[in-house]
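In: quick one, structure for this:
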Amino acid sequence: MPYVLLGLAIIAEVTATLSLRASEGFSKWGPSVIVVVGYALSFLLLAKALTALNVGPVYAIWSALGTIGAFAGGVLLFNEPVRPVTVLGAAIVVAGVVVMNLGGGVSHG
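Out: Sure, this is the predicted structure:
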């Protein structure tokens, strides 16, 4: 169950981040509400997941997959450019998460 909560926290965070872009500086009401609700939900779900999982690796997973999700969403929804150096950066982020998990795992105990 903690992994389901983590996955939902990541989805909520990516949704909030993409809505932040769509809000155009909080000038659009709908996306602005999604930003506030999405981040609040993401933190709530992440906090619940952390009752059973280790904070370091879990935060690395949450932030890395959030970064990758925001990157992919920006490309798909806002036609943001994909450059080789950006793809390399995304790969480095994923590699960092793998190393974090090799070093400590995510479950308590």
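
In: OK, contacts around the most centrally placed residue in the chain?
Out: Note on the chain: the residue nearest the mean C-alpha position is residue 66, at 1.9 Å, using Cα atoms, centre = their mean. Contact partners of residue 66, counting by Cβ atoms under 8 Å, 6 or more residues apart in numbering, are 10, 13, 14, 17. In short, each C-beta sits where N, CA and C put it, glycine included.

In: the same query, at a cut-off of 6 Å, please.
Out: Applying Cβ atoms under 6 Å, 6 or more residues apart in numbering to residue 66 gives the contacts 10, 13, 14.

In: just give me the neighbour total for the last one.
Out: The one in question is residue 14. Residues near residue 14, counting by other Cβ atoms under 10 Å, number 21.

In: also residue 85?
Out: Residue 85: 7 surrounding residues under other Cβ under 10 Å.

In: what's the spacing between the residue nearest to residue 46 when sequence neighbours are not counted and residue 67?
Out: Using Cβ to Cβ, 6 or more residues apart in numbering and skipping the chain neighbours, the partner closest in space to residue 46 is residue 9 (4.3 Å). Distance of residue 9 to residue 67, given as Cβ to Cβ, to the nearest Å: 14 Å.

In: then residue 59?
Out: Distance, residue 59 to residue 67, using Cβ to Cβ: 12 Å.

In: between the two, which has more neighbouring residues?
Out: residue 67 (18 against 15).

In: buried stuff in the lengthiest helix in the chain?
Out: The longest helix of the chain (DSSP state H) is helix 55-78. Buried positions in helix 55-78, judged by neighbour count with 16 or more other Cβ atoms under 10 Å: 57-58, 60-62, 64-71, 73-74.

In: report the contact partners of residue 74.
Out: Neighbouring residues of residue 74 by Cβ under 6 Å, 6+ apart: residue 80.

In: how far does the longest helix of the chain sit from its chain's centre?
Out: 4 Å (Cα atoms, centre = their mean, to the nearest Å).

In: which SSE is immediately downstream of it?
Out: Downstream of helix 55-78, the first helix or strand assigned by DSSP states H and E is helix 84-104.
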